[in-house]
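> One predicted model, sequence on top.
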Amino acid sequence: MNKRTEKGNSLIIFPESYVVIDIETTGLSPEFDSIIEVGAIKYISGNETGRFSSLIQPDCVDDDGNYICDFIQQLTGITNDMLAIAPTADEVLPKFYDFIKDSLLVGHNVNFDINFLYDNLEKHLDLVLSNDFVDTMRISRNLHPEIRHHSLSDVLNRYKIDYLKAHRVLADCEMTHFALSALQEDACSIHGSIDYFCEYIQKRSKHKAHLKAADIEATITEINEDNPIFGKVFVFTGALDRMLRKEAMQLVVNHGGINGDSVTKKTNYLVLGNNDYCKSIKDGKSSKQKKAEKLKLDGLDIEIITEDVFYDMIEG
DNA sequence: TCTCCTCGAGATCT
DNA sequence: CTCGAGGAGA
C-alpha cells in the first residue's frame, strides 16, 4: 500500500487564491477504482481566472465490458459511450498537473480527491502531488461542531445555495467555491474575523486537550459531611467501566470530595480503571499506580482502590 | 504545564 | 480521515 509520503498538509484557512478540484471515479477505493473525470477551477484574489476539465478513460473494463456500473452512470450522468472516446489518464493528468502547478488546492472532503490523484499521478507519470490543501468539510465541522452532517449538499443547504447539476466536476468545483465563501462569511459573523476563527480553533484544540480536575464544580448544594468521601482527594487512572472519568469526578465533588490531576502527597485515594487499551503499560501498572504504591510504603494516608470500591464509598 | 501517542466513534467521497 | 478522550513522560 502506498504511504503517500510527499502528500501536502491539510490547512484550516480561508485563502484568497487557490484551485478548487473535484474528480468523479468508478468507486470509493483509490486502490481498486479509477478516475473517470477530473476538474479544476483557478481563483486569484477571489476571481476566476481559468478552468480545466476532462473525462478520463479507465485502463480496464469490468466483466460485462463496461467502464462504469449503473450506479455511477446514474450518479454522474457519465456514460460508457462517453468514456469509450475519452482520452486516457496518461494524456489528461499531465495537463491537469500543469494547470494546478503548486497552487493551494480546495475541495470538499478533499482527501478523497487528493488520494486518488496522488496515486494516479505517481503510477502513470511518476509525478508527486505535494500541494497543501483546504478541506471545506473540515472547516464546516470546526465551525459548527454541534451539527452532525457536513456533506457538500448539507453545507450548501445551510447557506441557502442551490445545488444544481451535481456530480459533474466543474459544477461541484463551483459549488465548493461557493461553500468556501459562505463558510468564510459565517466564520466572520460568528467570530468577528477570520483570524479570530483560526485562533479559536487553535485554542479549543489545546484547551480541550486535557480535562482539568479543578474545572469540575459541584452541581448540588447540600453535601453530607459524614460520608467517607468528604474532604478526601481522589485521583483516577485508566478508563472506568461504568462511566466516563468526568462523570466519576462529578460524583466526587458532589459528595464533598476533591479531584486531583496526579498522585501527590495530598492524594487519599487512587481509583483503578482499565489500562488494557494502553500498549505503553506493559506490567499492568500505570505511572500513577506505581507512585501511589511508593507513597503508601512511605506511610502516607493513601489507598489504592478498585472502581467497584469507589462506587461502594459513594453509595455508603 | 506542555507535547506526543493511541484508540474508538462518526462521517464523507464515487 | 478527523476529532475527542485519555495517558505517558519530560
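Now that the structure is in, tell me what you want to look at. Because the structure is predicted, anything quoted here is derived from the model rather than measured.
> Where does the stretch 51-200 of chain A get nearest to DNA strand C, residue-wise?
A:Asn111 (4.1 Å; C-beta to the nearest atom of the strand). Heads up, the C-betas are built off the backbone N, CA and C, glycines and all.
> what about that residue, how many residues close to it?
For A:Asn111, the tally of surrounding residues (other C-beta atoms under 10 Å) stands at 15.
> To which secondary structure element is it assigned?
Taking DSSP states H and E as the definition, A:Asn111 sits inside helix A:110-125.
> now the stretch 1-150 of chain A, which segments are flagged as low pLDDT?
Along the stretch 1-150 of chain A, segments meeting pLDDT under 70 span A:1-2.
> how about the residues of it near DNA strand B?
Contacts of the stretch 1-150 of chain A with DNA strand B, taken as C-beta under 7 Å from any atom of the strand, map to A:22-25, A:27-28, A:71-72, A:75-76, A:108-109, A:112, A:137, A:148-150.
> Which among the residues you listed count as buried?
Burial by neighbour count, 16 or more other C-beta atoms under 10 Å: within these this picks out A:Asp22, A:Ile23, A:Glu24, A:Thr25, A:Ile72, A:Thr76, A:His108, A:Phe112, A:Met137, A:His150.
> Could you pull up phi and psi at the residue nearest the centre of chain A?
Note on chain A: the residue nearest the mean C-alpha position is A:Arg138, at 6.7 Å, using C-alpha atoms, centre = their mean. The phi/psi pair for A:Arg138 (degrees, to the nearest 10) reads phi -70, psi -40.
> Settle this for me: it is touching A:Ile13, isn't it.
No: assessed by C-beta atoms under 8 Å, A:Arg138 is found out of contact with A:Ile13, at 11.0 Å.
> Mind naming the longest helix for chain A?
helix A:169-191 (DSSP state H).
> other SSEs contacting that one?
Other elements packing on helix A:169-191 under the criterion 3 or more C-beta pairs under 8 Å, 6 or more residues apart in numbering; DSSP states H and E are strand A:18-25, strand A:35-44, strand A:47-55, strand A:105-107, helix A:136-143, helix A:152-158, helix A:194-207.
> Just checking the fourth one against DNA strand C, any contact.
No: residues of strand A:105-107 are not located near DNA strand C by C-beta under 7 Å from any atom of the strand, the shortest gap being 11.8 Å.
> related to what we said a few turns ago, what residues are up against the residue of the stretch 51-200 of chain A closest to DNA strand C?
Neighbouring residues of A:Asn111 by C-beta atoms under 8 Å, 6 or more residues apart in numbering: A:Ser10, A:Phe133, A:Asp135.
> Who does the first one form a beta bridge with?
When bridges are assigned using DSSP bridges, the partners listed for A:Ser10 are A:Phe133.
> which residues sit in contact with it?
Residues near A:Ser10 by C-beta under 8 Å, 6+ apart: A:Asn111, A:Asp132, A:Phe133, A:Val134, A:Asp135, A:Arg138.
> Report the buried residues of stretch A:154-170.
For stretch A:154-170, burial by neighbour count (16+ other C-beta under 10 Å) applies to A:Val155, A:Leu156, A:Arg158, A:Tyr163, A:His167, A:Arg168, A:Val169, A:Leu170.
> Is the last one in contact with A:Glu48, as I believe?
What it means is A:Leu170. No: using C-beta under 8 Å, A:Leu170 makes no contact with A:Glu48, being 11.1 Å away.
> Touching both of these two, which residues are there?
Here A:Leu170 and A:Glu48 have A:Ile41 as joint contacts, going by C-beta under 8 Å, 6+ apart.
> The closest residue to A:Thr79 other than its chain neighbours sits in which helix or strand?
Residue nearest to A:Thr79 in three dimensions, not counting chain neighbours: A:Gln73, with 5.8 Å by C-beta to C-beta, 6 or more residues apart in numbering. A:Gln73 is located in helix A:70-76, with elements delineated by DSSP H and E.
> list the buried ones in the helix or strand that that helix is followed by?
Sequence-wise, the next helix or strand downstream of helix A:70-76 (DSSP H and E) is helix A:80-84. The neighbour-count check on helix A:80-84 (16+ other C-beta under 10 Å) flags A:Met82, A:Leu83 as buried.
> Distance from the chain centre to the helix or strand just after helix A:80-84, please.
Following helix A:80-84 in sequence order, the next helix or strand is helix A:89-100 (DSSP H and E). Distance of helix A:89-100 from the chain centroid (C-alpha atoms, centre = their mean, to the nearest Å) equals 29 Å.
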